[in-house]
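Enquirer: Here is my input; please provide its structure:
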Amino acid sequence: MHAALDIRVPSDVQQIEAIVAQVVRRCREHRFDGRQLSLNVPVALTEALSNAILRGNGDAAGKCVRVRAEVTEMRLVLEVEDEGAGFDLEACTEDPTTPENLEREDGRGLFLMRSLMDRVERFRGDGNVVRLTLNRR
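Expert: Model (predicted):
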């Protein structure tokens, strides 16, 4: 069992919902765990896409985001690539439950991704890439 998805979309937050729905549908077709598809995948992928569009691409309409998804018998691997310069994953992941961060309106995306996925990595490809890995339960 193997399913792959590789799409490039305009850097527009209006694209997020359709991309997430397409990935969830593909995972469901390959019998990925329903609980993971109702919470983990949509939330983590939404956060990765919004970070790519708003932070990586600076909300620039002329830029694109590439999304790759691979579903296997063992796991789901998602890669979200933007045209930005990149960031330090460790330095940018803040704990929103600490007193100084409780009232902040931003800074929760990486924390959520790391809480919901089994592995979160960042590297340089053609652009800045965030890879999310979720093992089958």
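Enquirer: Spit out the contact partners of R28.
Expert: R28 is in contact with 34, 37, counting by C-beta atoms under 8 Å, 6 or more residues apart in numbering. All C-beta atoms are positioned from the backbone trio N, CA, C, and that covers glycine.
Enquirer: switch the cut-off to 7 Å
Expert: L37 (C-beta atoms under 7 Å, 6 or more residues apart in numbering).
Enquirer: buried set for the helix ranked longest in the chain?
Expert: Criterion DSSP state H: the longest helix present in the chain is helix 16-29. Buried residues in helix 16-29, counting neighbours by 16 or more other C-beta atoms under 10 Å, are found at 16, 19-20, 23-24, 26-27.
Enquirer: what about R31, is that helix, strand or coil?
Expert: coil (DSSP: H, G, I helix; E, B strand; the rest coil).
Enquirer: What is the burial count for it?
Expert: 11 (other C-beta atoms under 10 Å).
Enquirer: Next up, the contacts around K63.
Expert: By C-beta under 7 Å, 6+ apart, the neighbours of K63 are 11, 57, 83.
Enquirer: V9 - nearest residue in space that isn't next to it in sequence?
Expert: Q15 (4.5 Å; C-beta to C-beta, 6 or more residues apart in numbering).
Enquirer: L39 too?
Expert: In space, and not counting its chain neighbours, L39 is closest to L116: 6.9 Å by C-beta to C-beta, 6+ apart.
Enquirer: Which SSE is immediately downstream of the least confident helix or strand in the chain by mean pLDDT?
Expert: The helix or strand of the chain with the lowest confidence, counting by mean pLDDT, DSSP states H and E, is helix 89-92 at a mean of 52. Under the assignment DSSP states H and E, the closest C-terminal helix or strand after helix 89-92 is helix 109-116.
Enquirer: Thanks a lot, see you next time.
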